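Chemist: below: sequence and its predicted model.
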Amino acid sequence: MQTETPIDTHLKEAVQLTGANWAVLAERVGGVWLVRASHHLNKTAQNELTGIMAGSSTDAWLCGALTGGHTRSAEMGDNRGLGTGRFFAYPILNSSKLILAGAEEQTPDSQRIWRLTASLLSSQSTPKIQPLLPDLQSGLAFDLPVALEKALGGFVQSVSCQGAWLAIRRGDTLDIQAEWNAPRARGESLVIDDNPIFRRVNRSLADLLLTRGQPNFEQLPFMNLKASGGAWICLPLVVGQRLIGVVAMWRQKDFTAVERGQLRELASSVPQTVDIVVTFSEMSSHLRRLGLLNDFVLTVSSAQNLDQIARRMFGLLSRAFGTELIALFLRSSDGRVLQDYRIIEGRVSVVSISVTDHPLQPLLKEGRVRRVSDSSRDGFVGLHKNARSELIVPLRYRGQATGVLVLENIQAEAFSQYDEHLMVVIASHLAGLIEYTRLREEAEGRARSLGLIHEVVQQVIGLNDKKEVAAITAELVAQYFRYELAAILLLDNHNEFSIQGIGGTQAKTFTESLGGEVFVVIEGVTGHVSRKGESVLLNDTSQSKLYKPTRGWEARSEICVAIKDGGQVLGIIDVESRELNAFSHNDLIAMEALAGILASVATSANQYQRLQETVHQLQITETELKERMEAQRAAENRLLQTAKLAAVGEMAASVAHELNNPLTTVTGFSELVLEDLPEESPHRQELLMVLKEARRASSVVRRLLDFSRQGEWVRSSADLNEVVNDVIALTRHLIQTNHVALVVELDTALPWVSIDSNQMKQVLLNLIHNGLQAMPRGGEMQVRSFLGKRENRDWVVMSVKDSGMGISVEDQAKIFEPFFTTKGNSGGTGLGLSVTYGIVADHGGTIEVFSQPGQGSVFEVWLPL
């Protein structure tokens, strides 16, 4: 049974004398109310009471009782677990504690009993400590908030007060980072030169005492004193001749000379330690941001596309700089369009906008870093609402500005010169990575687009009727590119533009909106393109003066491209969508390429031969791009495989060498002992078993050493069954310890295949390990080899089947992507299956997965003969 303390006794007696339902002793520590003792409240009720006290209105009411030093009572709404709706607060003088009692009503005599109890507890409170802080650097002191709270606590315990705060100097401001009974002050920044009191303390480096009636007293920040009386003292924290911070304290009565002396002594002993803690915190921040470079290399540099780069980079910068106000602008290769990348509701949003008249256009031309500390100063762009400071860093690649990275913060002076230098380094790496990735994506996108255009052109080549060409082209463009609306407008016999072809899922809606009337080309975007011959890309038509909606049809995005022969506009390709940001720069380039081809078709059917050459060139370009991309993928796979095999080989060699010596000793001594041991000895069989197992272990060690000595990747004709048997021998013990039943079915008539045996071992190891991880509670695994046939040729097939948890359909589409893993925080780099895929592809084979959630998975590796 828990021993009853004197405080518990006081509360118990007071409850019995006054008829209250319950009572607690509560203390406010670090802005939170804690129950120090209680009577007639179980743990559940105490938790409910703590939740009520944490509410802002209740907290303010309780702080008011402490500040005023008077009894208070109030209804506290729905608190059925406490058995009463009225609270009575009795403050304990010279402390941050009070007695809180729950009762329907308290007579004056009952209240006097509670005040007497509070007085008794006040007399039993801990004596004031001396103005020293010997433990400021102990425990968690190098956690800056904890250390500053501890330092301020020393002042508050040394001299009683009604409120206090401690501020650290940062540049020209004082940042309040610790408070006692002044919750509104925490996190506020005070500009030194804007306040005559702080300006005076900064110059004199001496403490300053103000009482009510003196100049500037009413302008003192964050005080909660009554209208009559009051004193406020500011104590500078000085290191050498440098102000590093201040402590402000206030109360209703004046501070005595003795108390001021105590506070001065304390203020002189604290600064050195506070300065060390602040410096340590800043260095920790410095190291964290240096870690950002490492994180950049490990995460951002491994991204596969621009969306991944933006998402990972935004996450890193947000954690490093404590802001979500981040934007990345990338200029298109032709310099006409800016792609605006931002994170909106957890997803990467990309908007294509014109470079012309954009506020960042001058910065792209200058190519210089800009750091603006306050929104009121010149040069502030302000891309986000409520931003007060910003850091703008250009991305430069081979001497050209290719984009801009913008960081903004709702706090002024949020970015330092060090931040600027750090971001310049990151931007230099980011620019090269983005340019490489963008060129690859553009090449892939253009290859796809040109391939689709090639299919369109094949359908219209040889046609002499321009209207038929327009109709077929519009239908095919809408179908292949999945556009909602695609229209081809050509000059008619009256030298006026008219719709000759229309396609897409919304073609009927658009046609009905015209109501049988002729589409007016001279207005809107099409009118501008017909006059100027310039292409237009709009991803938000509401932001453009050019766009004119048609009754019954309103597009949100539009691409309009002129079909030109020299300087003459022969027609228009118009693509529209009801979605925002529906089109990319690649769509514009594709339509411009198509427009060039249609111009040739529309000009003369005699240019058939030239178009065939163009188609042939497109085919060559497409093939060349595919070959380059295939070579790049093969190189990436080889690089990943090299690192993986090197690590596994090193580990295998290390383990084998470490085990080899003791196994040799065991084997040798066992043989020596057996020679001297009589045949009838009862220990002979046991020793023979030891020798047998030692030799078996030595055999495993030899296989490990063979596996680690992979050398160069050399393909040769090999027996796939032998590869399977070697891997099974290595993993059989692991499979058994995982309570998995192993079934091996090998086709003994399997022909040999040209492979790198070590790479194929790695493939099978990866598949077996994945299967074991999918069966944490055991199960059955089946490893097979057989001869398969597909695409009119023979293949050697190796399969691994498990009875594990299976793979979802959406995950099956991504499991071979680098860094994709379903293991979450439990482990896994996401490289295993991507490395496996690369090895199989490098052998000219394929790997396939068949799986259903809850019904296990089958991985099949097909290798060509």
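Modeler: Thanks, I have the structure now.

Chemist: adjacent strands (with direction) for the longest strand anywhere in the chain?
Modeler: Ranked by residue count under DSSP state E, the longest strand found in the chain is strand 779-790. Here strand 779-790 is paired, per DSSP bridges, with strand 740-746 (parallel), strand 793-802 (antiparallel).

Chemist: quick one: buried residues of the host helix or strand of residue 362?
Modeler: Per DSSP states H and E, residue 362 falls inside helix 361-366. Residues of helix 361-366 classed as buried by neighbour count (16 or more other Cβ atoms under 10 Å): 363-364. The way it works is simple: take the backbone N, C-alpha and C, and place the C-beta from them, glycine included.

Chemist: same check, this time on stretch 116-123
Modeler: 117-118, 121.

Chemist: for residue 59, which of the strands paired with strand 779-790 is the nearest?
Modeler: strand 793-802 (56.7 Å; Cβ to Cβ).

Chemist: are we agreed that residue 168 is in a helix?
Modeler: No: assessed with DSSP: H, G, I helix; E, B strand; the rest coil, residue 168 is strand; it does not lie in a helix.

Chemist: next one, pLDDT for it please.
Modeler: Predicted confidence (pLDDT) at residue 168: the value is 93.

Chemist: okay, and the beta partners of it?
Modeler: Beta-bridge pairing for residue 168 (DSSP bridges): residue 175, residue 245.

Chemist: circling back to that earlier point, and the longest strand of the chain, how far out from the chain's middle?
Modeler: 41 Å (Cα atoms, centre = their mean, to the nearest Å).

Chemist: burial check on residue 777, number of neighbours?
Modeler: 9 (other Cβ atoms under 10 Å).

Chemist: check what pLDDT it gets.
Modeler: On the pLDDT scale, residue 777 gets 90.

Chemist: what sits against the residue nearest to it when sequence neighbours are not counted?
Modeler: Distances taken as Cβ to Cβ, 6 or more residues apart in numbering place residue 739 nearest to residue 777, at 7.5 Å, with adjacent residues excluded. Applying Cβ atoms under 8 Å, 6 or more residues apart in numbering, we find residue 739 in contact with 777-779.

Chemist: swap in residue 681?
Modeler: Here residue 681 is in contact with no residue (Cβ under 8 Å, 6+ apart).

Chemist: before we move on, which element is it in?
Modeler: Residue 681 belongs to no helix or strand, assigned by DSSP H and E.

Chemist: and what of residue 380?
Modeler: Here residue 380 is assigned to no helix or strand, by DSSP H and E.

Chemist: what do you get for residue 441?
Modeler: Using DSSP H and E, residue 441 falls in helix 417-460.

Chemist: name the helices or strands packed onto that helix?
Modeler: On a contact count with 3 or more Cβ pairs under 8 Å, 6 or more residues apart in numbering; DSSP states H and E, helix 417-460 meets helix 271-298, helix 306-321, strand 370-372, strand 389-397, strand 400-409, helix 466-481, helix 585-603, helix 608-676.

Chemist: so which of those gets nearest residue 488?
Modeler: For these, proximity to residue 488 was assessed by Cβ to Cβ; helix 466-481 is nearest, at 3.8 Å.

Chemist: on contacts alone, who are the packing partners of the closest one?
Modeler: Applying 3+ Cβ pairs under 8 Å, 6+ apart, one finds that helix 466-481 contacts helix 417-460, strand 485-491, strand 497-503, strand 568-577, helix 585-603.

Chemist: relative to strand 497-503, how tilted is the fourth one?
Modeler: In this structure, strand 568-577 runs at an angle of 40 degrees to strand 497-503, with axes from the mean of the first three to the mean of the last three Cα atoms, to 10 degrees as the basis.

Chemist: name every strand pairing with strand 568-577 and say which way it goes.
Modeler: For strand 568-577, using DSSP bridges, the partner strands are strand 485-491 (antiparallel), strand 557-565 (antiparallel).

Chemist: check which residues of it are buried.
Modeler: For strand 568-577, using 16+ other Cβ under 10 Å, the buried residues are 569-577.

Chemist: touching, residue 374 and residue 388? I think so.
Modeler: Yes: with contacts counted by Cβ atoms under 8 Å, residue 374 reaches residue 388, the gap being 6.3 Å.

Chemist: okay, these two: which has more neighbours?
Modeler: For residue 374 and residue 388, the more surrounded residue by other Cβ under 10 Å is residue 388, and the numbers stand at 18 against 13.

Chemist: now do the contacts for that one.
Modeler: 374-375, 409-412, 414.

Chemist: return the subset of those lying in helices.
Modeler: Using DSSP state H, no member of these sits in helices.

Chemist: quick one: which of those residues is nearest residue 356?
Modeler: Using Cβ to Cβ, these come closest to residue 356 at residue 375, 25.3 Å.

Chemist: out of the strands paired with strand 568-577, which is closest to residue 513?
Modeler: strand 485-491 (10.7 Å).

Chemist: may I have the closest one as PDB, with CA atoms only?
Modeler: Extracted in PDB, the C-alpha atoms of strand 485-491 (Å, rounded to 0.1, in the frame of the first residue of the first chain):
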ATOM      1  CA  LEU A 485     -11.000  17.100 -78.000                       C
ATOM      2  CA  ALA A 486      -8.800  17.400 -81.100                       C
ATOM      3  CA  ALA A 487      -9.800  19.600 -84.100                       C
ATOM      4  CA  ILE A 488      -8.100  20.200 -87.400                       C
ATOM      5  CA  LEU A 489      -9.000  23.500 -89.100                       C
ATOM      6  CA  LEU A 490      -7.900  24.200 -92.700                       C
ATOM      7  CA  LEU A 491      -8.300  27.000 -95.200                       C
END
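
Chemist: neighbours of the residue lying closest to residue 822 once chain neighbours are set aside, how many?
Modeler: Leaving aside its chain neighbours, residue 822 sits nearest to residue 811 (6.0 Å; criterion: Cβ to Cβ, 6+ apart). Residues lying near residue 811 (other Cβ under 10 Å) number 15.
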